[in-house]
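Colleague: any chance you could fold what I've pasted below:
(chains A, B, C and D)
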2 protein chains.
Amino acid sequence: MLARVSTTPSFKRLPRAVREQQMLDAAVKVFSRRGFHAASMDEIAEDAGISKPMVYAYLGTKEELFVACLHREGTRMMQAIAGAAAPELPADERLWRGLRAFFGFVGAHRDSWAVLYRQARGEQPFAGELASMRARLVEVVAGMLDHALRAEGREAGETDLDVIAYALVGATESLADWLADHPQADPEKTATRMMNVAWVGAGQLLRGDSWRPPTP
Amino acid sequence: MLARVSTTPSFKRLPRAVREQQMLDAAVKVFSRRGFHAASMDEIAEDAGISKPMVYAYLGTKEELFVACLHREGTRMMQAIAGAAAPELPADERLWRGLRAFFGFVGAHRDSWAVLYRQARGEQPFAGELASMRARLVEVVAGMLDHALRAEGREAGETDLDVIAYALVGATESLADWLADHPQADPEKTATRMMNVAWVGAGQLLRGDSWRPPTP
DNA sequence: GAGCATACCTACTCGTGCGTAAGGTTACGC
DNA sequence: GCGTAACCTTACGCACGAGTAGGTATGCTC
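Modeller: Next up is the predicted model:
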């Protein structure tokens, strides 16, 4: 059965770097739709318009491939945010630009978001990878809050700050999910809403206007 | 090899209802540690102290078993919350009790939380199941906000309310994750922190003190 | 235009784990 | 005391998918 009847000779022989990107594109797409375990290397290869051994030759095993996806998409996202929020700007401007960049990215790359936060979360081998990215975000947000507070001559405990930052990051992720599930929604508007919750809410709160549990 | 040498005759024959609970306990444990796909029916059966066909006889296929876990844990959680937050109380009291019950539950049932929110999230077949639970929570929170607002004679757009509720639920989930990863942390204190973010922040915000994007 | 490296393929092996068939054992009703 | 139904087992079939062996074509260099 090696008859090799002139099947469409539409083989474009492409340089390695290009094929790798195509494979990563396909992998992100399939992983985001199926999840890590349910995704099959065959489907990824087929979607990339290539055969399976090529994937193994270029990107390695399934886990390595997933990590490669995580890295590429994560780096892209972080760059989009960091590029927008220059550190010399005032805190609220910085926060606003960061949020806008973030929601813009999620709106434009829903697959990336799905891979990064919906898939990598549950799978044990990658949870660490994600947690560190998240931790960095929390640090940045906590830093902003602290900075803004000091500018007003006030101060807050470190744990309080961290926990509030954690909550804000969680709220942001949640809205990102909402955005990813509502294709007609406007990223800009979502960013504005989040900015409201973060800036007005947290600001007021850290300024000392706190709620105390009833003492029965 | 049917020699049946008196292997420990420690077989306790138990009624169906009891065994089912044991199986569900084991399933929740294994699913939460390994994730849905990586969990094996053999391990679940072994952990439950029973053999595999029994699991199939009582709870059905792997997917059905997972759904059963989801239902039991989800119902437990919802009941814990609903039982604490009686609808005739004032809104802030209700919110406070609900949050306290929620974080108390997560602190006491880390496995349940892991199954509900870390595992079921990514897996396609169950995303809907979860989304509906979440949607109900968002409804409730949005209702509370609306109620509190009207009590002050103000009003807000429906979408705004929903989105803010969504953000608050996300922040709460995020803190729940934090709590689940910090066994020494105090659920009560975490609830207080979340209450602060939710009540002071959202209240102030909905009262009209909103942030507006710069118009360049 | 010979040689060599790189791109690419088809067609397999093999482990893992879901789901089941067929049969043994204990408790309870009569 | 004995049948019968519910409980429980061992041992297997079978599909699916990760990873590989070994071979073919194409372009680039001298």
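
Colleague: use CA for all of it now, contacts and neighbours both
Modeller: OK.

Colleague: can you tell me which helix in chain A is longest?
Modeller: Determined from DSSP state H, the single longest helix within chain A is helix A:124-151.

Colleague: list the buried residues in it.
Modeller: Buried positions in helix A:124-151, judged by neighbour count with 16 or more other Cα atoms under 10 Å in any protein chain shown: A:126, A:129-130, A:134, A:137-138, A:141-149.

Colleague: near DNA strand C, which residues of chain A show up?
Modeller: Applying Cα under 7 Å from any atom of the strand, we find that chain A lies next to DNA strand C at A:1-2, A:11-16, A:19, A:49-54.

Colleague: between those residues, which sits nearest A:Ile164?
Modeller: Comparing these against A:Ile164 with Cα to Cα places A:Arg19 closest, at 43.4 Å.

Colleague: what sits against the nearest residue to A:Arg110 once chain neighbours are set aside?
Modeller: Counting by Cα to Cα, 6 or more residues apart in numbering or on different chains, the nearest residue to A:Arg110 once its immediate chain neighbours are dropped is A:Ala180, at 5.7 Å. A:Ala180 makes contact with A:Val106, A:Gly107, A:Arg110, A:Trp113, according to Cα atoms under 8 Å, 6 or more residues apart in numbering or on different chains.

Colleague: go again using 10 Å as the cut-off
Modeller: Shown in contact with A:Ala180 (Cα atoms under 10 Å, 6 or more residues apart in numbering or on different chains): A:Phe103, A:Val106, A:Gly107, A:Ala108, A:His109, A:Arg110, A:Asp111, A:Trp113, A:Ala114, A:Ser174, A:Pro187.

Colleague: wait, the fourth one sits on A:Glu188?
Modeller: No - at 11.8 Å, A:Ala108 and A:Glu188 do not qualify as touching, with contact defined as Cα atoms under 10 Å.

Colleague: what is in contact with these two at once?
Modeller: A:Phe102.

Colleague: and the two? which has more neighbours close in?
Modeller: A:Glu188 (17 against 14; other Cα atoms under 10 Å in any protein chain shown).

Colleague: excluding its backbone neighbours, what's nearest the more buried one?
Modeller: Leaving aside its chain neighbours, A:Glu188 sits nearest to A:Arg100 (6.1 Å; criterion: Cα to Cα, 6+ apart).

Colleague: the one you found touches A:Ala176, doesn't it?
Modeller: No - shown here, A:Arg100 and A:Ala176 do not form a contact pair, counting by Cα under 10 Å, at 11.3 Å.

Colleague: those two - which one has more neighbours?
Modeller: A:Ala176 (28 against 24).
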